[in-house]
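A.B. asks: what's the 3D shape of this:
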Amino acid sequence: MLVDFTHVKNIFVVCGRTDMRCGIDRLAGIITDKYNLDLFDDALFLFCGLKKDRFKALYWDTDGFILLYKRLENGNLQWPRNQEEVKKLTSQELRWLLEGLSIQQPKAIKPARKGCIN
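C.D. replies: Numbering: from 1, shown residues only. Just a heads-up that it's a prediction; the model follows:
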């Protein structure tokens with residue numbers, strides 16, 4: 001079963017470079033051992049290697065892991081490169097990242113505070 005990743009509760013990008021030869025077990029180990037995050041909490045984890053034209057995504061789908069691998073034919077991802085960091089993304093930031101944009105869009109309109117009237 002494929003998942004609509006725009007409805008996933010937790011989206012994490014593993015910044016820096018990941019060895020793209022890693023399979024499900026090693027990627028899951030990176031998440032649990034290095035970053036101490038819960039693999040099973042409706043979470044999508046994204047990894048990128050040296051070449052920024054390909055990425056992997058790991059997701060637990062109630063009965064097993066899904067590992068997606070994508071290679072872009074035209075263009076590169078604007079992958080965050082702070083090696084020791086995992087960033088939590090919104091679905092909007094995920095879309096920007098996968099469209100080749102930076103996850104930080106300074107000119108994007110930010111959500112207003114609830115109850116704030118100008």
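
A.B. asks: all helices for the protein, in order.
C.D. replies: 24-29, 91-98 (DSSP state H).

A.B. asks: quick one: terminal-to-terminal distance for stretch 4-15?
C.D. replies: Taking C-alpha to C-alpha, to the nearest Å, the first and last residues of stretch 4-15 lie 23 Å apart.

A.B. asks: give the buried residues for it.
C.D. replies: F5, I11, F12, V13, V14, C15 (16 or more other C-beta atoms under 10 Å). No exception for glycine: its C-beta is placed from N, CA and C like everyone else's.

A.B. asks: lowest-confidence member of these, which is it?
C.D. replies: Of all the buried residues of stretch 4-15, the one the model is least sure of by pLDDT is F5, with 75.

A.B. asks: against V14, how distant is that one?
C.D. replies: F5 is 16 Å from V14, where distance means C-beta to C-beta, to the nearest Å.

A.B. asks: and L27, by the same measure?
C.D. replies: For L27, the distance to V14 - C-beta to C-beta - is 9 Å.
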